[in-house]
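Trainee: this one's sequence-less:
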Ligand SMILES: Cc1cc2nc3c(=O)[nH]c(=O)nc-3n(C[C@H](O)[C@H](O)[C@H](O)COP(=O)(O)O)c2cc1C
């Protein structure tokens with residue numbers, strides 16, 4: 001259809017003619033007339049709504065791309081592979097292997113697309129989740145995905161780091177993050193939280209690099225194999241036995257600190273990644 005043809009048909013359209021006649025009538029009204037004020041306001045709303053809808057639809061692919069890039073950045077960060085000039089896509093593709101794990105058995109899940117799998121979405125899907133009994137739900141998450149996505153950093157066939165997703169409730173929000181462990185499935189390399197809404201300066205200090213650095217070298221499991229790593233109130237005395245299982249609590253944010261202790265305990269227990277980490281340790 002040519003432009004000229006379209007214009008002719010538009011001008012001949014009965015509805016357009018009515019609209020045009022109304023437009024002329026409104027424009028002829030005085031600027032302080034109520035009808036003109038309302039008509040101008042509604043037209044403005046209409047035009048803005050179209051612009052906003054167009055922007056939302058047009059920018060959606062860019063938003064998704066940025067979100068995926070941000071997630072890769074967080075994973076590289078917790079793996080200790082992020083520098084200022086790191087090419088995120090290239091570094092992720094060449095150094096991180098994405099794997100799916102059956103949380104209950106600890107076995108790898110084959111035959112599913114690990115890259116496309118979204119654990120957060122799966123946790124909300126009744127066909128893919130497990131609803132948690134209150135007695136075990138120490139991280140206050142209510143439900144969890146049956147299959148988790150873990151990330152491995154390897155050197156040849158040997159695992160260098162195991163990056164595990166964790167989430168749990170703080171004071172105001174569910175905090176989502178990663179814990180990076182060494183190949184022993186026991187020693188912490190790093191922790192980060194990429195999505196949380198605790199108070200900046202209080203619970204929000206979970207993202208502070210100085211606090212995050214305190215986690216390096218800490219141990220998750222005691223000799224009996226129980227996940228005992230936790231935050232304590234105050235500063236850890238490194239001369240005392242057991243300090244390897246303790247991290248400084250966040251000052252003025254005991255409730256967020258308890259939330260972090262609970263979510264680490266939950267995800268490192270048999271409810272979370274303990275079966276998987278057992279298999280890694282036994283080279284299964
Ligand atoms: C505006 C406001 C924001 C707060 N945000 C947090 C928070 O993000 N995390 C937290 O644990 N406590 C927060 N608190 C403090 C808690 O209410 C509670 O007092 C605190 O967790 C106790 O920790 P403390 O024993 O270390 O002082 C906030 C308090 C106020 C008034």
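Mentor: All right, it came through fine. Keep in mind that this is a model prediction, so the values were computed, not measured.
Trainee: only C-alpha atoms for contact and neighbour calcs from this point on.
Mentor: Will do.
Trainee: now stretch 162-181, how far from the chain's geometric center?
Mentor: Averaging C-alpha positions (CA atoms, centre = their mean, to the nearest Å) puts stretch 162-181 9 Å from its chain's average.
Trainee: Go through that stretch and flag the buried ones.
Mentor: Within stretch 162-181, the residues scored as buried using 16 or more other CA atoms under 10 Å are 162-171, 174-181.
Trainee: contact partners of that stretch?
Mentor: For stretch 162-181, contacts defined as CA atoms under 8 Å, 6 or more residues apart in numbering pick out 75, 78-79, 139-141, 148-153, 161, 182-183, 185, 187-199, 203, 255-260, 262-264, 267.
Trainee: can you tell me which of those are up against the ligand?
Mentor: Under the cut-off given by CA under 6 Å from any ligand atom, the ligand has 198-199, 203, 255-256 from those close to it.
Trainee: Give me the pLDDT for residue 155.
Mentor: Model confidence at residue 155, given as pLDDT, is 88.
Trainee: Can you tell me how far it is from residue 90?
Mentor: Between residue 155 and residue 90 the distance is 16 Å, computed by CA to CA, to the nearest Å.
Trainee: do residue 146 as well
Mentor: Distance of residue 146 to residue 90, given as CA to CA: 30 Å.
Trainee: Name the residue in these two with the higher neighbour count.
Mentor: Legend: neighbour count by other CA atoms under 10 Å for residue 146 and residue 90, higher for residue 146 (19 against 9).
Trainee: Contact partners for the more buried one?
Mentor: If a contact means CA under 8 Å, 6+ apart, then residue 146 has 102-104, 122-123, 128-130 as its contacts.
Trainee: The longest strand along the chain pairs with which strands?
Mentor: The residue-count maximum for a strand in the chain (DSSP state E) belongs to strand 158-169. Using DSSP bridges, strand 158-169 pairs in its sheet with strand 147-155 (antiparallel), strand 174-182 (antiparallel).
Trainee: can you list the residues of the stretch 151-284 of the chain near the ligand?
Mentor: Close to the ligand, as judged by CA under 6 Å from any ligand atom, the stretch 151-284 of the chain has residues 171, 198-199, 202-204, 251-256.
Trainee: go again using 8 Å as the cut-off
Mentor: Contact residues (CA under 8 Å from any ligand atom) of the stretch 151-284 of the chain with the ligand: 170-172, 197-204, 233, 249-258.
Trainee: Write the ChimeraX selection for whichever of the residues you listed are buried.
Mentor: Those of those that meet the burial criterion (16+ other CA under 10 Å) are gathered into one ChimeraX selection, given here:
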select :170,171,198,202,203,204,233,249,250,253,254,255,256,257,258
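Trainee: taking the residues of the stretch 151-284 of the chain next to the ligand one by one, which sit in helices?
Mentor: Taking DSSP state H as the definition of helices, those contribute 254-258.
Trainee: returning to what we had before: out of the strands paired with strand 158-169, which is closest to residue 66?
Mentor: Using CA to CA as the criterion, the shortest distance between residue 66 and these is 17.8 Å, found for strand 174-182.
Trainee: Relative to the following helix or strand past that closest one, what are the paired strands and their orientations?
Mentor: Proceeding N to C from strand 174-182, the next assigned helix or strand is strand 188-195, under DSSP states H and E. Strand pairing for strand 188-195, determined by DSSP bridges: strand 174-182 (antiparallel).
Trainee: Alright, that wraps it up for me.
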